[in-house]
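J.: no sequence on this one, just coordinates:
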Ligand code: S3P
């Protein structure tokens, strides 16, 4: 069972509202991240005694100052990286009529503030922008507020909350309308503190503070875990094996869009021990249980966007690992988050090898299981860092995050927890024996001559991002070694094995596959494909001790999985435990046709018949020979490719791999 840090949105509100209340509040489970520290630091500068936020989420006591107890700050208020801190305080301080200057880090100083200052100016507040137009630093010059009536163009909980706080602080009515409901933590918490807040309709959604309160009751509140943080682990576990439990996650319906999307993508997530609080100001929560399932692409957009806006980076990562295409639309708000998240996702996904299209309001992402590698830029954005942290933690991927420290903003301890989850032992019960993360399988492709094994193997490997293991290249290297030492051909059977062993055969990983080494040096494809070698290779392949010598480099190359090996005895002798075995066949005339085309010949009925006869003889020889006879490996899937074109043939094998790999494998990683 994993515990995640407290909800960021709720933590900000709990701190701000308890400072405004009359009396002592007890808050537990607050997020100790940098964003909430910024809010706590500003409250201190305004005269409120807020203890350090405990790293373990332990309880603190905040002595509220009441609606008139704040003092003007002696210095610029630093909101750090936190948009919520900046916007909520612009509202609250306008209501309280306190002069102050609000600023923040370089990212925050680029984010738009007029969505909050415009309606407040309309109601009588006075601001001076001291930085870029519409941005922090902003000086508040006091001013009496009138009733606030506003229709927001965007569904923004920060705008809505800023106006509600201005109404509470300034003692004025508030009536705000947003196109779709955004998170309602402020409304719930205000109600819990004795304030009447009405919510009407859903699209548009209207929130009214009809009678500004004279005082707020202190809070007794336990902040649940942040679903936006849980989402990183949910995606990791959905794409892995085994299961994971995340304890006490906030499940406010305005925040659970990512759960719906992951379920739509095939995710298996259930809620246990739901806590639906009777108290009108409560926040629903529960434990989430997620089981590895693999994911498929989906469309994300429309009214669901506000309920998952912060989860889009990790959903984009899920999409990169899902089967098929995912389209994300109506998410233009992402362009004004901690960074332009649409751009950051497009640039970084591309940098690690994902096919992605950038739209004005979203992304189109092609899922794949190619290994993803590269270095990504966080642009100072915590959620970009964590999303790519998860992508990098998935089997087969190697991703470096340029600034891992930025996660401190919302999820201290993220990297440790990520490591811990990756190490989670398999859960007992039906999932027993399954491992997390899932290893990539070994795929073998055997079949008769001219069945298209090696071209299929190469294409399957490319499609899956696996490496192609061409056993024929090792036999060719053995022949080359014997030709190079000028060993007379009649002595190959007797002295060949020892000569080959002396030269040393090996394989080395390259980006695309493997290169063959002789005596530690790479052998060129030209040398391996020379006419002399071609002439002698089958003779070498018929020497059992040489076959023995070749087993070791082949098995070493395959030890980490993720390979497609083709040959004559791959599924039977070399990799008898391979997870996916395929036996490719095709009718004789079809194989004859392919062989003729491969050799650049002209197709005619006569040539096909002649070639078919030759292949039939070859099959008979291959089936009856003493060494490595042609046979269908036990447990192999027969794939008759007669009626298939090349891409259809590749697809059948790829589907077979996905079918087996998608299902839990019973081998150890
Ligand atoms: C938040 C509201 C959302 C969200 C942000 C936190 C809040 O922003 O993206 O992380 O706590 O009110 P917007 O209000 O700009 O949509």
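T.: Nice, I can see it. What you are looking at is a predicted structure, and each value in this text was computed from that prediction instead of being measured. Numbering: from 1, shown residues only.

J.: low-confidence ranges, the stretch 401-550 of the chain, go.
T.: Low-confidence segments of the stretch 401-550 of the chain (pLDDT under 70): 424-439, 511.

J.: can you give me the strands in it?
T.: 442-446, 467-470, 505-509, 514-518, 521-522 (DSSP state E, counting those that start in this stretch).

J.: so which elements touch the first one?
T.: Under the contact criterion of 3 or more CB pairs under 8 Å, 6 or more residues apart in numbering; DSSP states H and E, the helices and strands touching strand 442-446 comprise helix 453-464, strand 563-567, strand 580-585, helix 646-662. For glycine as for every other residue, the C-beta is placed from the backbone atoms N, C-alpha and C.

J.: residues contacting that strand, please?
T.: Applying CB atoms under 8 Å, 6 or more residues apart in numbering, the contact partners of strand 442-446 are 453, 456-457, 460, 466, 558, 561, 563-572, 574-575, 577-584, 632-633, 636, 653, 657.

J.: buried among the residues you listed? Need that as a selection in PyMOL.
T.: To isolate the buried ones among these in PyMOL, judged by 16 or more other CB atoms under 10 Å, type:
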select buried, resi 453+456+457+460+466+558+561+563+564+565+566+567+568+569+570+571+572+574+575+578+579+580+581+582+583+584+633+636+653+657
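
J.: which bits of this structure sit near the ligand?
T.: Residues of the chain lying close to the ligand (CB under 6 Å from any ligand atom) are 9, 12, 84, 156-158, 161, 182-183, 309-310, 333.

J.: mind telling me what element residue 388 is part of?
T.: helix 382-393 (DSSP states H and E).

J.: now for that helix, which elements pack on it?
T.: Applying 3+ CB pairs under 8 Å, 6+ apart, one finds that helix 382-393 makes contact with helix 227-238, helix 312-320, helix 341-352, strand 398-401, helix 414-423.

J.: hang on, the earlier thing: just among the residues of the chain next to the ligand, which is most surrounded?
T.: Greatest neighbour count in these, by other CB atoms under 10 Å, goes to residue 161: 30 neighbours.

J.: not counting sequence-adjacent ones, nearest residue to that residue?
T.: Spatial nearest neighbour of residue 161, chain neighbours left out: residue 186 (4.1 Å); criterion: CB to CB, 6 or more residues apart in numbering.

J.: so who does the one you found touch?
T.: By CB under 8 Å, 6+ apart, the contact list for residue 186 reads 13, 17, 157, 160-161, 164-165.

J.: which of these sits closest to the ligand?
T.: Nearest to the ligand among the contacts of residue 186: residue 157, at 3.5 Å, using CB to the nearest ligand atom.

J.: next, give phi and psi for that closest one.
T.: Here is the backbone geometry of residue 157 (degrees, to the nearest 10): phi -70, psi -30.

J.: quick one: it and residue 183 touch, right?
T.: Yes: here residue 157 lies in contact with residue 183, judged by CB atoms under 8 Å, at a distance of 4.3 Å.

J.: next, show the common contact partners of those two.
T.: 9, 254, 306.

J.: one step back: for the residue nearest to residue 161, give its distance to residue 169.
T.: For residue 186, the distance to residue 169 equals 13 Å [CB to CB, to the nearest Å].

J.: same question for residue 64.
T.: Noted for residue 64: a distance of 13 Å to residue 169, by CB to CB.

J.: quick check: neighbours shared by those two?
T.: Both residue 64 and residue 169 are in contact with residue 20, where contact means CB under 8 Å, 6+ apart.

J.: what's the neighbour count on the nearest residue to residue 50 once chain neighbours are set aside?
T.: Once flanking residues are discounted, residue 50 sits nearest to residue 40: 4.6 Å by CB to CB, 6+ apart. The local packing of residue 40 (other CB under 10 Å) involves 24 other residues.

J.: so where's the protein uncertain?
T.: The chain contains residues with pLDDT under 70 at 277-280, 424-439, 511, 662-669.

J.: so in it, which helix runs the longest?
T.: Looking across the chain with DSSP state H, the single longest helix is helix 605-624.

J.: and of the strands of the stretch 401-550 of the chain, who's closest to residue 405?
T.: strand 505-509 (32.1 Å; CB to CB).

J.: wait, a strand at residue 244?
T.: Yes: counting by DSSP: H, G, I helix; E, B strand; the rest coil, residue 244 is part of a strand.

J.: that one contacts residue 2, doesn't it?
T.: Yes: at 6.6 Å, residue 244 counts as touching residue 2 under the criterion of CB under 8 Å.

J.: if we can go back for a sec, closest to residue 503 among the contacts of residue 186?
T.: Distance to residue 503, by CB to CB, is smallest for residue 157 among the contacts of residue 186, at 69.7 Å.

J.: show me the contacts for the closest one.
T.: Taking CB under 8 Å, 6+ apart, one finds 9, 182-186, 254, 306 in contact with residue 157.

J.: state the distance from it to residue 27.
T.: Separation of residue 157 from residue 27 (CB to CB) stands at 20 Å.

J.: same question, residue 210
T.: 28 Å.

J.: kindly report the same for residue 409.
T.: Taking CB to CB, one finds residue 409 at 20 Å from residue 27.

J.: run a quick neighbour tally on residue 106.
T.: Burial of residue 106 is recorded as 8 neighbouring residues (other CB under 10 Å).

J.: ok, and the closest non-adjacent residue to it?
T.: Distance criterion CB to CB, 6+ apart; nearest residue to residue 106, sequence neighbours excluded, is residue 380 at 7.5 Å.

J.: surely that neighbour forms part of a helix?
T.: No: using three-state DSSP, the assignment for residue 380 is coil, not a helix.

J.: I'd assumed residue 215 was in contact with residue 171.
T.: No: the criterion here is CB under 8 Å, and residue 171 misses it with residue 215 at 11.0 Å.

J.: what touches both of these two?
T.: Joint contacts of residue 171 and residue 215 (CB under 8 Å, 6+ apart) are residue 67.

J.: contact partners for residue 603?
T.: 593, 596-597.

J.: out of those residues, which one sits closest to residue 300?
T.: For these, the nearest to residue 300 is residue 597 (45.2 Å; CB to CB).

J.: looking at this, the closest one is in a helix?
T.: Yes: membership of residue 597 in a helix is supported by three-state DSSP.

J.: now residue 393: how far from the ligand?
T.: 23 Å (CB to the nearest ligand atom, to the nearest Å).

J.: against residue 352, how distant is that residue?
T.: Residue 393 is 13 Å from residue 352, by CB to CB.

J.: got the domain boundaries for the protein?
T.: With domains defined by automatic domain parsing, the chain comprises 7-222, 227-422, 440-466+562-669, 467-558.

J.: quick one: neighbours of the residue of the stretch 401-550 of the chain found nearest the ligand, just the number.
T.: Residue nearest to the ligand within the stretch 401-550 of the chain: residue 410 (8.2 Å; CB to the nearest ligand atom). When neighbours are counted by other CB under 10 Å, residue 410 registers 26.

J.: surely it touches residue 382?
T.: Yes: the pair residue 410 / residue 382 is scored as a contact, 5.1 Å apart, by CB under 8 Å.

J.: of residue 244 and residue 2, which one has the most company?
T.: Taking neighbours as other CB under 10 Å, residue 244 and residue 2 compare with residue 244 leading, 22 against 18.
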